[in-house]
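Colleague: how would this look folded up:
(one chain, ligands or ions: 2)
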Amino acid sequence: MEKTVIVKVPQNQDEAAIASDIDEMKGLIATAGGEVVDCVIQSRNDISPAYYIGRGKAAEIAEKYGGDVTLLVFDAELKPGQVKNLEDMTGMRVIDRTQLILDIFAARARTAEGKLQVEYAQLNYLLPRLSGSGANFMQQTGGIGARGPGETKLEVDRRRVRYRIQRIKQELESVRDVRSRQRQRRKTIPVPQVAIVGYTNAGKTMLLNYLTKAGMLSEDRLFATLDPKIKRYVLPSGYRILFSDTVGFIKDLPTHLVAAFRATLEEVGEADIVLHLIDIGTDGWESRRDTVNSILKDIGAYEESRILEVFNKSDLISPGRRSILERGGKLLVSAATGEGIPAFLTELDRMVSLGFTAKRVKIKHGQEQYAGVFYEEGIVDKIDYKAGAAYYSVRAMPKTFERFEKLLKQEKQNG
Ligand SMILES: Nc1nc2c(ncn2[C@@H]2O[C@H](COP(=O)(O)OP(=O)(O)OP(=O)(O)O)[C@@H](O)[C@H]2O)c(=O)[nH]1
Ligand SMILES: [Mg+2]
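Modeller: Residues are numbered from 1 along each chain as shown. Ligands and ions are numbered 1, 2, ... in the order given. Take a look at the predicted model:
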């Protein structure tokens, strides 16, 4: 376990917000396999261009933790020059929040697609740093005898990185095509898609496991899930749906990661219902909810009527808070104990049912096979038989009725 110190300069934040940021950093570092020894918080109004924190503070850190601590993690986005200066001053490795998140993603990626997505984000993060670090360093040292990579090597590195980025981009494009074809195919059989989204560690995978007994990896680490999974499910009223579980969101999600995961996130944009799972057991859920909503807006998946907010980990809150939340009309569930799940499913059922229309369909004798579409994609509530015909009371999506009409028409044409 790498001994680590967190460094933070609060940005006009209150105590609670600072504490919640530090907690999140601790979670990220634990996930990456580090051990947090201490947190250094420096309040200052201006950011030092050379060291981010003050030069004196940097020297103090070197003095206090030198020898024992090998990694400094800044809850910020650092400039390449700042990293260099801090490393020189402290003798420790220095990384920023973006790099930490990228490292976690890199360690987590399992599928070929996931790995490509992460590499794409990493290289995009690296590119300006390759050029920037040399340029910055030379400015500071007068450009002679810089210890950074020589200009020629730098040029070669940059060209290689750009080339690789281009290649991966093409590969990701083709993955994207495959995905969109798969989606189109899924759409020909109209089953409502419910995308589970939420902040990382909200319990998305655990909820889906609870419902479908899928046995997927759910653990107390950030970004446990990277690759999207789709599971079939039958709601209590009989509606069939497809649940999808996907990568969790986090505040200040590195933009290159958002770009890299676009194919994955597009699935969310096309879902019929977006189930936003919120961890109510951890302080600061309001700001995490805002973060998720703004990412949903970014990826074009924010449409209030399609969003169902569900509050998870209800087993962790006090009865007092619970009743306040319940009076506020919030849907509380626990994926750990199963509490609240029936009420949640009833609400999901109601939202799903809005996409369905009830009709009475006449099926003549000899046409019974066409009723199959309603069994496959909708619900058959009742059948009345009358003089040579059957009247099916069905609920189905418009697409299903269209498919049924088409089948009847085809039969007419064929004979
Ligand atoms: N007490 C309690 N813990 C829960 C509940 N739901 C999930 N957890 C825990 O929360 C942690 C995260 O659960 P996951 O299912 O991996 O969360 P996730 O939203 O899929 O996270 P990512 O895939 O990382 O985005 C695990 O340690 C779960 O055991 C719950 O209802 N109550
Ligand atoms: Mg998960």
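Colleague: just the helices in this protein please.
Modeller: All helices of the chain, identified by DSSP state H, fall at 15-31, 55-65, 80-90, 97-108, 112-141, 151-188, 204-212, 255-260, 262-269, 285-298, 319-327, 341-353, 372-377, 398-414.
Colleague: the third one packs against which elements?
Modeller: Spelled out, that is helix 80-90. In terms of contacts (3 or more Cβ pairs under 8 Å, 6 or more residues apart in numbering; DSSP states H and E), helix 80-90 is packed against helix 55-65, strand 93-96, helix 112-141. C-beta: built from backbone N, CA, C; applies to glycine.
Colleague: hey, which helix or strand in this structure has the poorest pLDDT?
Modeller: helix 112-141 (a mean of 69; mean pLDDT, DSSP states H and E).
Colleague: contacting residues for Pro254?
Modeller: Thr98, Ile101, Leu102, Ala121, Tyr125 (Cβ atoms under 8 Å, 6 or more residues apart in numbering).
Colleague: just to revisit the earlier point, indicate which one of the helices of the chain is closest to ligand 1.
Modeller: Closest to ligand 1 of these is helix 204-212 (Cβ to the nearest ligand atom; 3.4 Å).
Colleague: if I look at Leu226, how far off is Leu217?
Modeller: Using Cβ to Cβ, to the nearest Å, we find Leu226 at a distance of 10 Å from Leu217.
Colleague: those two: who's more crowded?
Modeller: Leu226 (22 against 14; other Cβ atoms under 10 Å).
Colleague: can you pull up the bridge partners for His276?
Modeller: With DSSP bridges as the criterion, His276 is bridged to Val197, Glu309.
Colleague: ok, it touching Arg306?
Modeller: No. Contact between His276 and Arg306 fails when scored by Cβ atoms under 8 Å: they sit 10.1 Å apart.
Colleague: which of the two has more neighbours?
Modeller: Set His276 next to Arg306 and count neighbours by other Cβ under 10 Å: His276 wins out with 23 against 16.
Colleague: would you map out the domains in the chain?
Modeller: 2-107, 109-173, 190-353, 357-414 (automatic domain parsing).
Colleague: let me see the contact set for whichever residue of the stretch 151-300 of the chain sits closest to ligand 1.
Modeller: Per Cβ to the nearest ligand atom, Gly248 is where the stretch 151-300 of the chain lies closest to ligand 1, at 2.3 Å. Applying Cβ under 8 Å, 6+ apart, we find Gly248 in contact with Gly198, Tyr199, Thr200, Asn201, Ala202, Lys204, Leu222, Phe223, Ala224, Thr225.
Colleague: so who does the last one touch?
Modeller: Meaning Thr225. Residues in contact with Thr225 (Cβ under 8 Å, 6+ apart) are Lys204, Thr205, Met216, Leu217, Ser218, Asp245, Thr246, Val247, Gly248.
Colleague: still on that earlier bit, which of the domains of the chain comes out lowest on mean pLDDT?
Modeller: Among the domains of the chain, domain 109-173 carries the lowest mean pLDDT, at a mean of 71.
Colleague: output the domains of the chain in JSON lines; the columns should cover distance to Arg183.
Modeller: JSON lines is the format used below for the domains of the chain (distance: least, Cβ to Cβ, whole Å):
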{"stretch": "domain 2-107", "distance to Arg183": "24"}
{"stretch": "domain 109-173", "distance to Arg183": "15"}
{"stretch": "domain 190-353", "distance to Arg183": "6"}
{"stretch": "domain 357-414", "distance to Arg183": "14"}
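Colleague: let me have those domains in CSV, adding distance to ligand 2 as columns.
Modeller: Below are the domains of the chain laid out as CSV (distance: least, Cβ to the ion, whole Å):
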stretch, distance to ligand 2
domain 2-107, 12
domain 109-173, 13
domain 190-353, 3
domain 357-414, 29
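Colleague: to Ser180, which of the ones you listed lies closest?
Modeller: Closest of those to Ser180 is domain 190-353, at 7.4 Å (criterion: Cβ to Cβ).
Colleague: distance between the ends of that closest one?
Modeller: 13 Å (Cα to Cα, to the nearest Å).
Colleague: and if you look at stretch 212-229?
Modeller: Taking Cα to Cα as the criterion, the two ends of stretch 212-229 lie 12 Å apart.
Colleague: interface residues of the stretch 301-415 of the chain facing ligand 1?
Modeller: Residues of the stretch 301-415 of the chain lying close to ligand 1 (Cβ under 6 Å from any ligand atom) are Asn312, Lys313, Asp315, Leu316, Ser334, Ala335, Ala336.
Colleague: how about the fourth one, nearest residue that isn't a chain neighbour?
Modeller: Computed as Cβ to Cβ, 6 or more residues apart in numbering, the closest residue to Leu316 that is not its neighbour in sequence is Gly281, at 3.2 Å.
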